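**Q** the sequence and its predicted three-dimensional model are supplied below.
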Amino acid sequence: MSPVRRKLYALAVAVILGMLRVSSALSLTLPASLTAIGDEAFCGAALQEVTVPSRVTEIGARAFAGSDLQHITIPASVGRIGDGAFDDLDSSFFATVTPGSYAETWCKANSIAYSYTDDPYTLPTVSAQQAALAGFLYLGTPYSRMDCQAFVEQCLNVAGLSINLSGSNAWYRAMDWTGTPEECIEALGFIPPGAFLFILENDGGEPAKYKADGLGNASHIGLVTGIGKGAIHSSYSRGGVYESEFKGRTINGGWNRVGLWKRVSYGDAVDRWLTLHGK
């Protein structure tokens, strides 16, 4: 049976039997008595939102593969998800799961974006790239008026996020993911514009309150621009806001760490990767 005919057949039978209700928004309410979702049950179906009842213990192979599904809520009762259950879905797809559940473990193992039942998943709305490009508005601003931290905060403020984290070490520790430029490229294929840049040193120069965590001294902070020389920051040695050479690699004595932060958006693909791999 073709996917289209299978979709129409499955939905027609389910509606006739009173087993589900389909709203105008293409959301699906399954019967509370349901205990399993069979193989290919909604493969190719025109459904965007599904809530799985709390008595369901398994979701079959390719159950929602190739459908229009964008979001599914999976209860803690589910103890098995078949191969390819959510294959060939749109990149916007994500699941809502219970912390510590099988579904959470399965989503992590299969690189499926997820949120918790008490923490609805939403993409950040402040553009990291917009923040970085805002930096060009301040080229030449004296360091005495805008140090490295104040510069980054002003760029974010222009993009729509007002925040103060009291120093580059605080910013480094606020990141949801940090790594070398090479590690960022290995993970994502590129370093996204708007990513944070740090100079991380092991000189013991970090404030006393951070010495015990062993993360080192993030002595400087800037932003990846993706254009021009590649980075922008407020530099004490250069006297103010300045473009810095950065081509996506560790620079001796310079940028050696990249930071990604969930409070800003680097684009849909990177944001979803960060939900899976960030802290």
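**A** The structure has been received and is ready for your questions. Since the model is a prediction, treat every value here as computed from it, not as a measurement. Numbering: from 1, shown residues only.
**Q** near residue 251, how many other residues are there?
**A** 15 (other Cβ atoms under 10 Å). Placement of C-beta: from N, CA and C, glycine included.
**Q** please point out which parts of stretch 71-88 sit buried.
**A** 71-75, 77-78, 81-82, 84-86 (16 or more other Cβ atoms under 10 Å).
**Q** right, I mislabeled it, should have said stretch 223-235
**A** Under 16+ other Cβ under 10 Å, the buried positions of stretch 223-235 are 223-226, 230-235.
**Q** what segments of the stretch 1-150 of the chain are strands?
**A** Per DSSP state E, counting those that start in this stretch, the stretch 1-150 of the chain carries strands over the ranges 21-22, 27-29, 36-37, 49-51, 58-59, 71-73, 80-81, 94-97, 114-116.
**Q** quick check: which of those strands is nearest to residue 189?
**A** With distances scored as Cβ to Cβ, the stretch of these nearest to residue 189 is strand 94-97 (21.2 Å).
**Q** and the closest one, what does it pack onto?
**A** Counting contacts by 3 or more Cβ pairs under 8 Å, 6 or more residues apart in numbering; DSSP states H and E, strand 94-97 packs against strand 71-73, helix 102-109, strand 114-116.
**Q** wait, residue 132 sits on residue 230?
**A** No. The pair residue 132 / residue 230 is not scored as a contact, 10.3 Å apart, by Cβ atoms under 8 Å.
**Q** residues shared between the contacts of the two?
**A** Jointly contacting residue 132 and residue 230 under the rule Cβ atoms under 8 Å, 6 or more residues apart in numbering are residue 224.
**Q** contact partners of stretch 178-191?
**A** 172, 195, 198, 224, 246, 248-250, 255-260, 270, 273, 277.
**Q** 6 Å instead, please
**A** 224, 248-250, 257-259 (Cβ atoms under 6 Å, 6 or more residues apart in numbering).
**Q** then it to CSV, C-alphas only?
**A** This file holds the C-alpha atoms of stretch 178-191, laid out as CSV (Å, rounded to 0.1, in the frame of the first residue of the first chain):
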residue,chain,number,x,y,z
THR,A,178,32.7,25.5,25.1
GLY,A,179,35.6,24.0,23.0
THR,A,180,38.5,24.8,20.8
PRO,A,181,37.7,26.3,17.4
GLU,A,182,38.8,23.0,15.9
GLU,A,183,36.3,21.1,18.1
CYS,A,184,33.5,23.4,17.1
ILE,A,185,34.2,22.8,13.4
GLU,A,186,34.4,19.1,14.0
ALA,A,187,31.0,19.1,15.7
LEU,A,188,29.1,21.5,13.5
GLY,A,189,31.2,21.8,10.3
PHE,A,190,31.7,25.6,10.9
ILE,A,191,31.9,28.2,13.6
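**Q** which residues does residue 232 contact?
**A** Contact analysis of residue 232 by Cβ under 6 Å, 6+ apart lists 135, 223, 225, 243.
**Q** residue 274 now?
**A** Applying Cβ under 6 Å, 6+ apart, the residues contacting residue 274 are 176, 260, 262.
**Q** so residue 172 makes contact with residue 198?
**A** Yes. Counting by Cβ atoms under 6 Å, residue 198 is a contact partner of residue 172 at 5.4 Å.
**Q** and for these two, which residues touch both?
**A** In contact with both residue 172 and residue 198: residue 218, using Cβ under 6 Å, 6+ apart.
**Q** what helix or strand is the nearest residue to residue 136 once chain neighbours are set aside on?
**A** Counting by Cβ to Cβ, 6 or more residues apart in numbering, the nearest residue to residue 136 once its immediate chain neighbours are dropped is residue 232, at 6.9 Å. In this structure, residue 232 sits in strand 230-235 according to DSSP states H and E.
**Q** before we move on, what about residue 218?
**A** strand 217-224.
**Q** check residue 273 too.
**A** Short version, using DSSP H and E: residue 273 is in helix 268-277.
**Q** for that helix, the distance to its chain's centre please.
**A** 3 Å (Cα atoms, centre = their mean, to the nearest Å).
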